[in-house]
Structures are given as structure tokens and as C-alpha cells.
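J.: have a look at this prediction, sequence included:
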Amino acid sequence: MEKTLSRLVLAGTGSGCGKTTAACAVLQALVDRGLKVGAFKCGPDYIDPMFHSRVIGAKSGNLDLFFFSPPTLRALLARGGADRDVAVIEGVMGYYDGMGLTTSRSSTWETARETGSPAVLVVDAKGASLSVLAVVEGFLNFQADSGIRGVLLNRCTAGTYPALAGAIRERFGDRVRPLGYLPRMPDCALESRHLGLVTAAEVADLKEKLAALARQAEETVDLDGLLELAGTAPPLAYETLALPRYGEAVRIAVARDKAFCFYYEDSLEVLEDMGAELVPFSPLEDPALPEDIHGVYLGGGYPELYGERLAANEAMRASVRAALERGTPCIAECGGFMYLTEAIGEHPMTGFLPGRCFDNHRLTRFGYVTLRAKKDNLLCRAGEAIRGHEFHHWDAQCPGVDFTAEKSTGKTWDCAVATDRLYAGFPHFHFCANPEFAKNFYEACLKEKRHAESHQAHGHREVQL
């Protein structure tokens, strides 16, 4: 199949060059123009898509060539870009940075190439002048098919931009065009934390910051030029994702609050496509799990920042533990896994799993992994695998031993607690990386639903007797 989709990649020279600021400025400015915009993030990041979603008012998807095959990645782009006037894809790290120090595998460049998306390079111009052109030339020439068609200067002054833009045109001609600049805007800075930016929900004045960025973009970014460039993208060739559709719905409780907010929205959508109703709940605020649920999904996030409040909600902790002790199927990734242990630091948690969690004060078992099951479990059979990602500073006394995690370097370690009703561990995964895992989870929830209905019917007959 083919789809006409105007699209471009906003790539960067490296982390910290201003990609997310530029992406949010451009997204908000295009939305303010009345356009329907799709947003995507290269790589496994959760936080940047939250900012995209706050801008466009809809989900933002991840495009990750470690998780997905190129056909699956293009299918997710086509799906997320459906009925959109334009799609903006924010890069990850530097344009050519891939899974390792010396490879471009799974890089933003590879994503741009596989999707046929023209790229705009965001270059930090603070403290530089002619050297900006050396940076641009290096990125253009590093690969013969760089795909870079435009340059956007960040932290550039109004006084220096005209001269730099003229120099870019003179040196590179039709190869690449200057598409404006953003000045230094300290009032619009997005704060960082150890796993990336502070989440969108925690930025009290986010709307004001986005509005200011959009106003600036209208003044100093060539938005018409960006749209024109996006329109040069060729038709997107893709195949639809093959997912089973169950005639019987299940209700899955999904933790959604400031403590638990790291989810791949396309991954959750797989469950919905199969027929699931996803019921949000807050371990921070709610007194108990939602009623009549057949599964629980505890995503990642920052439970360590809310340990005192999570501990104080004793009713919810008891509700979650009771549900799991009854055998309710549960996926608990990273922060969700921590919530199931005895404690996070000094704060007691549900205690369903043994051991405590502690701050390791550094990234722990960081990066892409392939998870391979040692035994049959809720998600798969022994020997089956799915690609995932670990990114955390906290660790656990008992991180689990039921899967083997393997990095591309060959390094391995044991991880995750897995039974026929539970997956709980630090690694995150995406159902589109192996839809069979979603199918198995859904069917476990169906089994739980039928067991509950049978139990209720049996109890009703006893009352009648």
C-alpha cells in the first residue's frame, strides 16, 4: 500500500542542541495555523512524545528501528499520520548516532532513509559563527545520501542569522537551505532530570511556554519552507499490521498519573485493536483498582519521586496486591515493577514481590536489549524473545531471573519475574516488536474474565438454592 504523507525529520547534531524545543515550537506554530499535525519520536524515549501530545492534542508515536522492522515502522508512521496535513518526526541524539559508539544502526538518519523523509538539521549556533558551516558540511558529507535538506539554527541571534543564512546558501547552493532560527529563550527552557526532560505534566506553565515558542517560530522560522520541504517526501509504502481481533472484550486497568506515565501509546493501541477496553486509574489518588477488570498494566515513570504519597495510599496498595494474589494477569515495567516490591527506598509499596528498591545513583543496565524467556510465562513460551529497552537509576535487590537480557555487544544478565499471570521487570518492551506477546496477554485476560463470570454464576446459583 502507499500513502501520500507530507513529512520531515527534525534532527540534531547531538543531545542538547535544541531538537525538542524546536520540535515543540514548530508543532505548536503549525497547530496554531489550523493544520492537523502528526508527531513522532525516533528511538525509545517516553518523555518527548508527552510534550508533542500536549501540543497537538493527540498521541505521539515512537519510530524505533531496533524495536521494529522497516515495514512495521512505516506502518506505524502511516497509521499515526492518517488524516494529518503533515507529520513531524523528532530525532534522537545526533543524526547519525545509533545503538553503539561506532554504528549508525537504528539512528535518526536510518529512520529518515527508511521512511523517505527529508531531514532538517538543528544546529546550536551559540558561541559560533563560520564554524556553523563546518558542522553543516560535516553532516552533509558524512553519508553520501544524508537526506539533509534544511538547516534550522538554535540559540542564534537576529543580528547573526542573515549573514549565516547567506553563507549557507552561497556554500551549499541547492543541497540544503536555511530555514530560520530560534533565539535563546531562557523563559521557555524545559528542565531536565536523570531520565531526560521533566515530564510534560509537571511543567506548570507549559501552555505559556509553548505559546511563546510558537510566536517566536512564526517570526523567525521559515514555516512555509518547512511545509514545502515536507511536501517533497515521496509516497510512503507500507503494509498494515496484522493483529487478531477478538469478539469478546476485556477490561485492563492501566496506571496513569504523575508517577506512572511511561507508555508506548502505539503499544497500548495494539490491545485496543484486539478489543480491550483500557481503564485508567491512579495509584497516587484512587482508593482501589477499577471494578470488573481482567488485567492490570503498571507502566514506568518516576515512582521514586512520589514514594511517600504512594506509600500513604494504603488502600490502593492493598487493592493491587489482592488482585495479583487472586491471579489477575499483570504487566509491570520498570517503575511498575518497583511498585510491586516491598519498598522504594524507605517507603513501603505493595509487597507482592520480595526485596526493596534502592537508588544506584547512575544509569543501571542501560540500553537496548533482547529479552529471551527461560520458561513459559504470561507473555510467551520458553525461548521466545522480544526487543526492549532499560533506562533507570534505581535498582532492586531481587530484579528477577526468568528472562535473559542480551545487548548487541553480547553482554547478558538475568532479569524479570515471570509466571503464567505476571511479567514484572525493569525492561520496557513494545507489543509491535512481537505482537504474539500482546495476544498471549489478551488471552490471559480473557481467561480471567471467564473465570470471574463462572464464579459469579456459580455464586448466583448457590443463592437461588
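T.: Structure received. Residues are numbered from 1 along each chain as shown.
J.: surely Pro244 is in contact with Val270?
T.: No. With contact defined as C-beta atoms under 8 Å, Pro244 does not reach Val270; the gap is 10.2 Å. C-beta here means a position set from N, CA and C on the backbone, and glycine is covered the same way.
J.: which one of those two is surrounded by more residues?
T.: Val270 (21 against 13; other C-beta atoms under 10 Å).
J.: secondary structure class for the more buried one?
T.: Counting by DSSP: H, G, I helix; E, B strand; the rest coil, the backbone at Val270 sits in helix.
J.: wait, it sits on Phe437?
T.: No. Val270 lies out of contact with Phe437 (C-beta under 8 Å); the separation is 9.4 Å.
J.: quick one: common contacting residues for those two?
T.: Phe431 (C-beta atoms under 8 Å, 6 or more residues apart in numbering).
J.: which parts of the stretch 251-400 of the chain are strands?
T.: Applying DSSP state E, counting those that start in this stretch to the stretch 251-400 of the chain gives strands spanning 251-255, 260-262, 277-281, 295-298, 300-301, 330-333, 343-344, 347-348, 356-359, 367-373, 385-390, 394-396.
J.: which stretch among those strands comes nearest Asp402?
T.: strand 367-373 (7.0 Å; C-beta to C-beta).
J.: helices or strands next to that closest one in the packing?
T.: strand 385-390, strand 403-406 (3 or more C-beta pairs under 8 Å, 6 or more residues apart in numbering; DSSP states H and E).
J.: now do the last one: everything it contacts.
T.: Contact with strand 403-406 is made by 365, 369-374, 388, 390, 412-416, 418, 425, 427, as judged by C-beta under 8 Å, 6+ apart.
J.: can you select the buried ones from those residues in ChimeraX?
T.: The ChimeraX command for the buried members of those (criterion: 16 or more other C-beta atoms under 10 Å) is given here:
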select :365,369,370,371,372,373,388,390,415,416,418,425,427
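J.: pLDDT weak spots in the stretch 351-465 of the chain?
T.: 458-465 (pLDDT under 70).
J.: flag the shaky bits of the stretch 51-200 of the chain, pLDDT-wise.
T.: In the stretch 51-200 of the chain, residues with pLDDT under 70: 190-200.
J.: helices along that one, start to end?
T.: Using DSSP state H, counting those that start in this stretch, the helices of the stretch 51-200 of the chain run over residues 70-80, 108-115, 131-142, 161-172.
J.: tell me the most buried of those helices?
T.: helix 108-115 (a mean of 24; mean count of other C-beta atoms under 10 Å).
J.: quick one, it and helix 70-80 angle?
T.: 80 degrees (axes from the mean of the first three to the mean of the last three C-alpha atoms, to 10 degrees).
J.: host element of Leu8?
T.: Using DSSP states H and E, Leu8 falls within strand 7-12.
J.: restricting to C-alpha, output that strand in CSV.
T.: Coordinates of each C-alpha in strand 7-12 appear next as CSV, following Å, rounded to 0.1, in the frame of the first residue of the first chain:
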residue,chain,number,x,y,z
ARG,A,7,6.6,14.7,6.5
LEU,A,8,10.0,15.7,7.7
VAL,A,9,12.6,14.8,10.3
LEU,A,10,13.9,17.4,12.8
ALA,A,11,17.3,16.0,13.5
GLY,A,12,20.1,17.3,15.7
